[in-house]
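[1] no sequence for this one, just the structure:
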């Protein structure tokens, strides 16, 4: 997985977690903090734990930004978040080393961010693990990717772009790109259409009756013209997942025609 910025949510490992927080609030923050507080917690668990600590810290100070979800963590959860920061400082080398590749200055900024979160949580910037910080037992096993998860779609994006590259697709050439949603009710489909209506051409909702044991569906296709390179695909897929989670729809991926680059006369 990759990181693309200093913010705790500028990280592949925290994309699905951001949706979990929207759905479950404090329960999601508590789960992420606990998962990150084991001696064998993995890199992705440290990523989610720090993101949870950041959200919890933002409820205690304006210095980290506002508290858009209006969450009110308990003292116990605030203490758990502070423990996460100390555990990452001492045991989160695999997680923190992701910023070393960007240079010492960026790595220093990341460490300073941890210190700022610790201060907001009422800590005194003690970096060593304290008694009670580490939870007993092993960290929970890695969960398999859900079929409709962002992680699964990300791998699908990479595979699809690789196939298109093999077909000599000029990914920097603009063309219509279709994004498809499968909805369990017409009201959900209408919500998807409304969410994307301002800057996408919407087809549907189209009713698909139940067949061969499959449930009935309402399909919405949102179309926009852009170049389907990796950056644009990444950006628009994130937006589609935002809409899917806000409405309760399933995002079913994207498609676009192949546009082969025309050969210049001197290369014929």
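    Sure, I can see it. These numbers come from a predicted model, not from an experiment. Numbering: from 1, shown residues only.
[2] Flag the shaky bits of the stretch 151-268 of the chain, pLDDT-wise.
    Residues of the stretch 151-268 of the chain that meet the criterion pLDDT under 70 lie in 151, 262-268.
[3] just the strands in it please.
    Per DSSP state E, counting those that start in this stretch, the stretch 151-268 of the chain carries strands over the ranges 175-183, 201-208, 217-226, 250-255.
[4] For residue 153, find the nearest of these.
    strand 250-255 (6.7 Å; C-beta to C-beta). Just so you know, the C-beta spots here come from the backbone N, C-alpha and C atoms, and that holds for glycine as well.
[5] Are there helices or strands packed against the closest one, and which ones?
    Strand 250-255 sits against helix 150-166, strand 175-183, helix 230-247, with contacts defined as 3 or more C-beta pairs under 8 Å, 6 or more residues apart in numbering; DSSP states H and E.
[6] got the buried residues for the longest one?
    Put plainly, it is helix 230-247. 232, 233, 236, 237, 240, 241, 242, 243, 244, 245, 247 (16 or more other C-beta atoms under 10 Å).
[7] so which pair among the residues you listed is furthest apart in space?
    232 and 247, at 22.4 Å, using C-beta to C-beta across those.
[8] circling back: can I get the helices and strands packed on strand 250-255 in JSON lines including distance to residue 189?
    Output for the helices and strands packed on strand 250-255, formatted as JSON lines (distance: least, C-beta to C-beta, whole Å):
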{"stretch": "helix 150-166", "distance to residue 189": "20"}
{"stretch": "strand 175-183", "distance to residue 189": "4"}
{"stretch": "helix 230-247", "distance to residue 189": "9"}
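[9] nearest to residue 206, of these?
    Checked against C-beta to C-beta, the stretch from these lying closest is strand 175-183, at 10.0 Å.
[10] what's next to the closest one, contact-wise?
    Residues outside strand 175-183 that contact it (C-beta atoms under 8 Å, 6 or more residues apart in numbering) are 189, 192, 200, 205, 217-228, 236, 240, 243-244, 247-257, 259.
[11] That one to strand 201-208, inter-axis angle?
    Between the axes of strand 175-183 and strand 201-208, defined by axes from the mean of the first three to the mean of the last three C-alpha atoms, to 10 degrees, the angle is 40 degrees.
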